Each structure stands twice: as structure tokens, then as C-alpha cells.
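Asks: The following comprises the amino acid sequence and a computationally predicted model.
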Amino acid sequence: MPGHKTISEEIPIVDYSLCGLRTSDQHLNREDLYHAGKDMVNAFSNYGFLYLINSGVNKELLQQAKIITDKFFNLEKSKKQLYSMEKSIEFGYVGLGREEVDWDHPCDVKEAFSFDGNSVFNHPEKLPEDICPGVVEFTKKFMTDCRQLSERIMDSLSIGMELKEESDLKKCHQRIHKQGNISYLRLNYYGSADKFCLSPGQIRLGEHTDFSTFTLLFQDNVGGLQLERDGIFVDAFPLQDAILIMAGDSLNFLSCGQLKAAIHRVIVPEDEVRQNLTRYSFAYLVDPDNDAVINRPLLCKGEKENEARFKCLPPPLTFGEYIRERYSKIRVPIE
Ligand SMILES: O=C(O)CCC(=O)C(=O)O
Ligand SMILES: [Fe+2]
């Protein structure tokens, strides 16, 4: 039976060997989804994050992710800028200083490229294949694995949360990788710290929660990612072959606050050798459909719609409306 233990007493570990991508749909067992789902719900209720091991995501794809990231971000600035992200679209290149998730600190010291599923699968001609050969094939394969894994995780969560209608969570995510849903892969690239004059208090990525339902985060061994636990930031030490799963704002809303959104940030490591290493991370953000209402809690078994937590709810808010409002606060406009 999949277990639930802790790494350094900090980050719960959920073993997905019986429900991950190596298990075919026919061999998937409800009992196994239930046990993993309960572990996930416990971890998200207490902390908002967990390490998933034995997910079955193809390891070769992670090596390719690193090669593609290296290839793209080492290009000249002028080439990268040909693919600059336009306003409010989750596709394109975000250069140094274009995002500031936490306005109490100076700008984030990172570059990123986001690939939303609709662009990758339906408009691959938009991708930078000309300057970064292989990117179309890689994103298609990697995002397919991520979507399949995310759907399994939604099945586990729906059973683990004891939803009255188990399909309700997935119903909010019917258009992943299609028009009307912006679930996306973000390649994050944090250049060596010695190249920049960091201002006091400047960190690589400011404190934030993701807007997503949840985020699958693949990080390298450099370190620097921190998660808030009981009001204190703890190091999310990279764990070999594990995916860090962080609950986002949408899951927090959909569970009426029962599942916490993970507060996280990336600092510059204190260790000088590590500071001067380039850090990579790959984040796949599973988002609800743009028109899905996210601030109406999903009904659990035994619950009635007229119970206390359903009273006095604010006016309905769709995911599309929510992100428009949030993005306007984090993006520094293009000059
Ligand atoms: O680089 C990391 O480890 C975290 C990235 C992240 O939080 C994000 O892309 O939203
Ligand atoms: Fe994040």
C-alpha cells in the first residue's frame, strides 16, 4: 500500500508506484487511487505540498528538458525577444526583470518560457523551432505525460476528498491543452548569481502561490526553493526523481480552503559554489478551464448545498477573471 512518510520531517512523500504512468488504465485500481488520494489530501490540508515518487514520467524527457532549456536561454537576447510574451497570454519568453511576483522585493532574477497547451498542440508554428530545434517534439511529449499524470492525480484527489460527484473536479478541467484552458509548461532559467549585481534582499523568485489547481515542479540539484510551513520557510531539498506537487489558489478555492495553496519562493543559495551554478526548474501548471467557476466549493459526501460553508459566498468568479486580475499585478509591461 502506498505510504505517507516525511523527508526531514518537512515534506510529505507520496508513493505513486501503483497509480503512476507505468500503470495502464485497465490495471488502475480504485483502492490504490483511494490510498494515494487520502495521503495527498492529508498533505495538502496540512501543508499544501508533497513530493510524489514513482510517478512514471519518462526520465529521458527530463534530460531533454534540460538540453532544450540550455539551448534556448543561451541564445542572444535579441533572438529570445522575438518570442516575447504578449500581454495576458500564457505563451512566450519572459526576460530578466519582467516579472515581479512579490512587490516588497526587487524584481525576480530569472528568465522563463511558457508554453500553453493550446499553442503547443494546435498552433505549433508559434514555437521557436527555428532557433531551438526539437522544442515542438519535446513539449508535446513532456506535456502529454504531465497531463496524463495530472488527470490521475485529480482522480486520486476526488476520491480522497470524498466528493459527492467524483467527476466534479475533472469537469472544471475539460479543455486542458485546448482553447479555453491555459494549463502550461514553464521552463525557468536562473542564471549564475555572480553575473548579476543583486540588490540587498533580492531573491531569484519572490514569495507567491500559483494560480493553478496544482503545479508539478521538476527541479535540478542546485537548491534554493523554499516552501512555507507553519509560517516558516523551509528548504525544499531536491529529492532524486521526485516531483514536487504544490496545491495552487484554484484548488484552495474549490475545496473552500480545506486544501492549502503552497507559498513558495526561490532564494540565492548561501553556499558560494551553488550560487554560481545556473539553476533550472520545469513547472507544469494545471489550470481550470477559463470559464470554470472556482469560488464555489465542490460538494463532499454527506454535505448539502445549504450548509454553513455555502452560505454568504461572494459572487461567482471564473478562473479567467481571477487570472486577469492577478496577472495585471505581477507583469512589468514591455518597454
Ligand atoms: O523554480 C522553482 O523552483 C519554482 C518555480 C515557480 O514557483 C513557478 O514557476 O511558479
Ligand atoms: Fe510558483
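Replies: Everything's here; your move. Ligands and ions are numbered 1, 2, ... in the order given.

Asks: how about the strands of the protein, start to end?
Replies: Applying DSSP state E to the chain gives strands spanning 4-7, 11-15, 49-53, 92-94, 111-116, 184-190, 205-208, 214-219, 225-229, 232-235, 243-247, 264-266, 279-286.

Asks: Residue 156: which of these is closest?
Replies: The minimum distance between residue 156 and the strands of the chain falls on strand 11-15, with 8.9 Å, by CB to CB. The way it works is simple: take the backbone N, C-alpha and C, and place the C-beta from them, glycine included.

Asks: tilt between the closest one and strand 243-247?
Replies: With axes from the mean of the first three to the mean of the last three CA atoms, to 10 degrees as the basis, strand 11-15 and strand 243-247 are set at 110 degrees to each other.

Asks: Kindly point out the strands partnered with strand 11-15 and how each is oriented relative to it.
Replies: Sheet pairing of strand 11-15 (DSSP bridges) gives strand 4-7 (antiparallel), strand 49-53 (parallel).

Asks: And the residue of the stretch 1-150 of the chain closest to ligand 1?
Replies: Closest to ligand 1 within the stretch 1-150 of the chain is residue 112: 6.9 Å, counting by CB to the nearest ligand atom.

Asks: count of neighbours near that residue?
Replies: For residue 112, the count of nearby residues is 23 (other CB atoms under 10 Å).

Asks: and the residue in the stretch 51-200 of the chain positioned nearest to ligand 1, what is it in contact with?
Replies: Closest residue of the stretch 51-200 of the chain to ligand 1, CB to the nearest ligand atom: residue 188 (4.5 Å). Each residue near residue 188 by CB atoms under 8 Å, 6 or more residues apart in numbering is listed here: 110-112, 205, 279-283.

Asks: So residue 84 is in contact with residue 77, correct?
Replies: No: in this structure, residue 84 is not within contact of residue 77 by CB atoms under 8 Å, at 10.5 Å.

Asks: Residues in contact with both of those two, list them for me.
Replies: residue 95.

Asks: Can you tell me which residues in this protein are near ligand 1?
Replies: 186, 188, 205, 210, 217, 219, 225, 264, 266, 281, 283 (CB under 6 Å from any ligand atom).

Asks: Could you tell me how many residues sit around the fifth one?
Replies: Counted with other CB under 10 Å, residues neighbouring residue 217 total 24.

Asks: coming back round to it: identify the residue spatially nearest to the residue of the stretch 51-200 of the chain closest to ligand 1, adjacent ones excluded.
Replies: Closest residue in space to residue 188, ignoring its immediate chain neighbours: residue 281 at 4.5 Å, by CB to CB, 6 or more residues apart in numbering.

Asks: For the one you found, name its beta-bridge partners.
Replies: Beta-bridge partners, per DSSP bridges, of residue 281: residue 188, residue 219.

Asks: What pLDDT is listed against it?
Replies: We note a pLDDT of 97 for residue 281 in this prediction.
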